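Q: Structure for this input, please:
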Amino acid sequence: MSEIALATVILLMREYQKKHDIKYQCLANTQYAYDCWKRNGVSSVKAKAVIALGQNDDGATVLVMGHALLSVDGLYFEPSFQVSSLKNVAYYDSIKDLKDNVSNAILKQHDLRQSLKDHISFVKLAEGINNGELLLCDKKYYDDQADYVEAFFKAKKL
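A: Below you'll find the predicted structure:
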């Protein structure tokens, strides 16, 4: 599969999620994108736990803890529509990275102790994906999204 086709996988995933109002499925999204990219020769792909900070349509700051996405050679690829639809999204690798780069006024709005626990659990989950574990909370969602993406490629005979 070409790089364009692999990028198309991400776009189709987001389209599916938007169409079906899918939220809070970043692990299944990351797992499917990881599996697809790995099967198609992107050996450097990794699942990565991150903290995302962006703004919603109303301009309110949104902090997304316990989030996963793909990383390839230091570049991030966001398979989740929910986070990709935020404006001005910035990603942080750790609570320290977040605290060093985000104003205290924003951070005070969140329970950073709970956020740390969430982030640590997602670091372990991302490591599991990278070690070949299949981490699915919702197998039906994973399969339905895969069917949607694969139907596009079958129709295009790619």
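
Q: Contacts only, for the most centrally placed residue in the chain.
A: Centroid check for the chain by C-alpha atoms, centre = their mean gives Leu69 as the closest residue, at 3.1 Å. By C-beta atoms under 8 Å, 6 or more residues apart in numbering, Leu69 lies in contact with Cys26, Thr30, Ala47, Lys48, Val50, Tyr76, Phe77, Glu78, Pro79, Ser80, Val83, Tyr91. Using the backbone N, CA and C atoms, a C-beta is placed for each residue, glycine as well.

Q: would it count as being in a helix?
A: No: assessed with DSSP: H, G, I helix; E, B strand; the rest coil, Leu69 is strand; it does not lie in a helix.

Q: Identify the bridge partners of it.
A: Applying DSSP bridges to Leu69 yields these beta-bridge partners: Lys48.

Q: Give me the helices and strands touching the lowest-mean-pLDDT helix or strand in the chain, please.
A: None of the helices or strands of the chain scores lower by mean pLDDT, DSSP states H and E than helix 104-107, at a mean of 80. The contact analysis (3 or more C-beta pairs under 8 Å, 6 or more residues apart in numbering; DSSP states H and E) places helix 104-107 against no helix or strand.
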